[in-house]
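# fold the following.
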Amino acid sequence: MITILVAMLVFGVIIAIHEFGHFAMAKLCGIKVNQFAIGMGPVILKKQGKETEYSLRLFPIGGFCAMEGEDNQSADARSFHNKPVWQRMLVVVAGAMMNLILGFVLILCTTLLYGDIITLEVADFSKNSQTDVSSSTSETCGLQIGDKIISMDGMKILTDTDLSYKLQNTESDTMDLVVMRNGEKINLPDVKFYNTETKGRLDFKVQAVELNILNTIEYSFLGTVSTSRLIWISLKDLLTGKYGFHDLSGPVGIIETIGEAASSGDNFQQNLTSVLSLASFITVNVGVFNLLPIPALDGARFLFLVIEAIRRKPISPEREGMVHFIGMALMFLLMIAVTFQDIFKLVQ
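Okay, here's the model as predicted:
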């Protein structure tokens, strides 16, 4: 029960931050906000402010910030459509930006909880536990202690997360590396990562360094960029067929995963670190996904505003509304299908 509450809290915070981004930017731009809701479905709590109705709803799977004149024509001078296009652009992207900022803050928190930073510098190679002889294939391919890994197969490696991703998801036996050695970039072609003792790809160790203000902020920023990029890569893999429908998870699956993270450690600090790490991935995912030009998402709304700015004339609200309605309907169908799949997995 506690793990479910933790999962719902994480969901609630991520949604609230996203909608607050729209709300705060709308207020800054002088746009009238009629409703601000966290969650969907029946109202649990409701309070009427000076001009905005605030509500908490039953299902923690969404939320909304309803602005005057957002989906229809309004004569109010403070309506959404009566504001300059650049202000409307800021309002539309503010939700996703808040998710990315939250991701940065959560990665910063997890970094502080870990107590050190994992670098990309090779510290040692794996050795046979009995003979103390190297069991690392990458060492025989030219990788050396002190090398800082810059890129693998053309992909720039920003953090240890990128490093783990490439080692786990590259199907080829070998990779072309670029490393920094003694201040000089060195190309290492056809490097094979293989631990002859464990039969796994992880055949080296990387250096950890103590935290300071600069490297903590830098690592958190690069971690946010890295997570955002991995989400784009995953979307590409999904579209190219590397991953299928069965690999998707909806709210039920995500809540289950958060619950597992909240109880996977040996102590409270480990559990908290796991939850914050997963939450950072989810909120960055929400931010990036919302910027995609898919009807009903913020990215599509932004695209319509770009078209308006170019042609100096807005697209008919009825046509835009129809596009978003169709997109929303398709997304709900996908969510229902994924939710049934999540429930089926739980039953199994």
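# what's in contact with the helix or strand harbouring residue 163?
Per DSSP states H and E: residue 163 is located in helix 160-169. For helix 160-169, contacts defined as CB atoms under 8 Å, 6 or more residues apart in numbering pick out 118-120, 149, 152-153, 155-157, 175, 193, 201-202, 206, 223, 226-227, 229-230, 233. Bear in mind the C-beta positions are built from the backbone N, C-alpha and C, glycine included.
# quick one: average confidence on that helix?
What helix 160-169 shows for mean pLDDT is 91.
# buried sites along it?
160, 161, 162, 163, 165, 166, 167 (16 or more other CB atoms under 10 Å).
# go on, stretch 41-56?
52, 55, 56.
# JSON lines for those, including secondary structure, distance to residue 181 and pLDDT?
Below are those laid out as JSON lines (DSSP: H, G, I helix; E, B strand; the rest coil; distance: CB to CB, whole Å; pLDDT from 0 to 100):
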{"residue": "52", "secondary structure": "coil", "distance to residue 181": "58", "pLDDT": "92"}
{"residue": "55", "secondary structure": "strand", "distance to residue 181": "59", "pLDDT": "92"}
{"residue": "56", "secondary structure": "strand", "distance to residue 181": "56", "pLDDT": "89"}
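# okay, those in a markdown table with distance to residue 129 next?
Formatted as a markdown table, the buried residues of stretch 41-56 follow (distance: CB to CB, whole Å):
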| residue | distance to residue 129 |
| --- | --- |
| 52 | 64 |
| 55 | 60 |
| 56 | 55 |
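# helices along the chain, start to end?
2-28, 85-114, 137-140, 160-169, 213-239, 251-261, 268-290, 298-311, 317-347 (DSSP state H).
# weakest of the ones you listed in terms of mean pLDDT?
Taking the mean pLDDT of these, helix 251-261 comes last: a mean of 73.
# packing partners for that helix?
Contact here means 3 or more CB pairs under 8 Å, 6 or more residues apart in numbering; DSSP states H and E; on that basis helix 251-261 packs against helix 2-28, helix 268-290, helix 317-347.
# got the angle for the second one vs helix 298-311?
Yep, that's helix 268-290 we're talking about. 40 degrees (axes from the mean of the first three to the mean of the last three CA atoms, to 10 degrees).
# circling back to that earlier point, which single one of the buried residues of helix 160-169 is nearest to residue 98?
residue 161 (22.0 Å; CB to CB).
# thinking again about what came up before, in strands, which of the contacts of helix 160-169 fall?
If you go by DSSP state E, those have 118, 119, 120, 149, 152, 155, 156, 175, 206 in strands.
# I'd like the distance between the second one and residue 318.
What that stands for is residue 119. 55 Å (CB to CB, to the nearest Å).
# quick one, which of these two is more surrounded?
residue 119 (17 against 11; other CB atoms under 10 Å).
# can you tell me the closest non-neighbouring residue to the more buried one?
Using CB to CB, 6 or more residues apart in numbering and skipping residues adjacent in sequence, the residue nearest residue 119 is residue 207, 4.8 Å away.
# was I right about the one you found contacting residue 117?
No - in this structure residue 207 lies outside contact range of residue 117 using CB atoms under 8 Å: 9.4 Å.
# quick one, which of the two is more surrounded?
Neighbours were counted for residue 207 and for residue 117 using other CB under 10 Å; residue 117 has more, 20 against 16.
# tell me the contacts of that one?
111, 208, 209, 210, 211, 215, 216, 219.
# which among the contacts of helix 160-169 end up buried?
Buried among the contacts of helix 160-169 (16+ other CB under 10 Å): 118-120, 149, 152, 157, 175, 193, 201-202, 223, 226-227, 229-230.
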